[in-house]
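**Student:** Here is a sequence together with a model predicted from it:
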Amino acid sequence: MRIRGTDSAGRVEGLGKDVTRLRPGDAVFGEAEGAFAAYVCAPADMVEAKPADLTFEQAASVPLAGNTALMGLRDLGRVRPVRRVLVNGASGWVGTFAVQIAEALGAEVTAVCGTRNVDLVRSLDAGHVVDCSRDGAC
C-alpha cells in the first residue's frame, strides 16, 4: 500500500551516517513521499529546520505549495523587480505563496480572488487586488 502526501513536519528520530547538519530531536519540515504516515524517511536535502515561530501544522503546510510558487516565479518566470505578475487564484494554496514571493522579488503584483478572500489577499501586500466575484471575472 502506498502512503500519500509529500509535506511533513516533526522531530528528527534518526539520521543517516553522512548527515551532519541535523541532530536527533531537531524540529524540521520538508517534502518526502508518504508524508501522511507517522514516520517519514526523507533525504537530508529535502528537510530544513522548522522556524521557531511556526507550529508543526503551519510548517507542514509550506513545502509543496511554497516550492511550487517559488520555482514558478523565480526559476521559470524569472520574476525580477519592476516586472508585473498576475496571480489568478491568489487566495489558494499556491496563490498565497505566489503573491508574497512575487512581492519579495520586487514585482508589481495584481492578485485575483473572490469577495470573501479580498481582505486576506490584501494582507499579503498585493499591490492590486481584483475581486473577481464583484467584477464578473470569476
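**Tutor:** Sure, I can see it. Residues are numbered from 1 along each chain as shown.

**Student:** Can I get the lowest-mean-pLDDT helix or strand in the chain in CSV? Just the C-alpha atoms.
**Tutor:** The helix or strand of the chain with the lowest confidence, counting by mean pLDDT, DSSP states H and E, is helix 132-135 at a mean of 77. Backbone C-alpha positions of helix 132-135 (Å, rounded to 0.1, in the frame of the first residue of the first chain) are rendered in CSV as follows:
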residue,chain,number,x,y,z
CYS,A,132,-13.5,38.6,-9.5
SER,A,133,-16.9,38.0,-7.9
ARG,A,134,-17.8,41.7,-7.9
ASP,A,135,-16.0,42.4,-11.2
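
**Student:** Only the buried residues of it, if you could.
**Tutor:** residue 132 (16 or more other C-beta atoms under 10 Å). Every residue, glycine included, has its C-beta placed from N, CA and C.

**Student:** Output the below-cut-off pLDDT ranges for this protein.
**Tutor:** Scanning the chain with the threshold set as pLDDT under 70 gives 1, 135-138.

**Student:** measure the residue in it sticking out farthest from the centre to residue 120 for me?
**Tutor:** Distance from the centre of the chain peaks at residue 17, with 29.7 Å (C-alpha atoms, centre = their mean). Between residue 17 and residue 120 the computed distance is 45 Å (C-beta to C-beta, to the nearest Å).

**Student:** So which other helices or strands are in contact with the helix or strand in which residue 111 is found?
**Tutor:** Taking DSSP states H and E as the definition, residue 111 sits inside strand 108-113. Based on contacts counted as 3 or more C-beta pairs under 8 Å, 6 or more residues apart in numbering; DSSP states H and E, the elements that strand 108-113 packs against are strand 84-88, helix 93-104, helix 118-123, strand 128-131.

**Student:** what lines up beside that strand in the sheet?
**Tutor:** When pairing is defined by DSSP bridges, strand 108-113 lines up against strand 84-88 (parallel), strand 128-131 (parallel).
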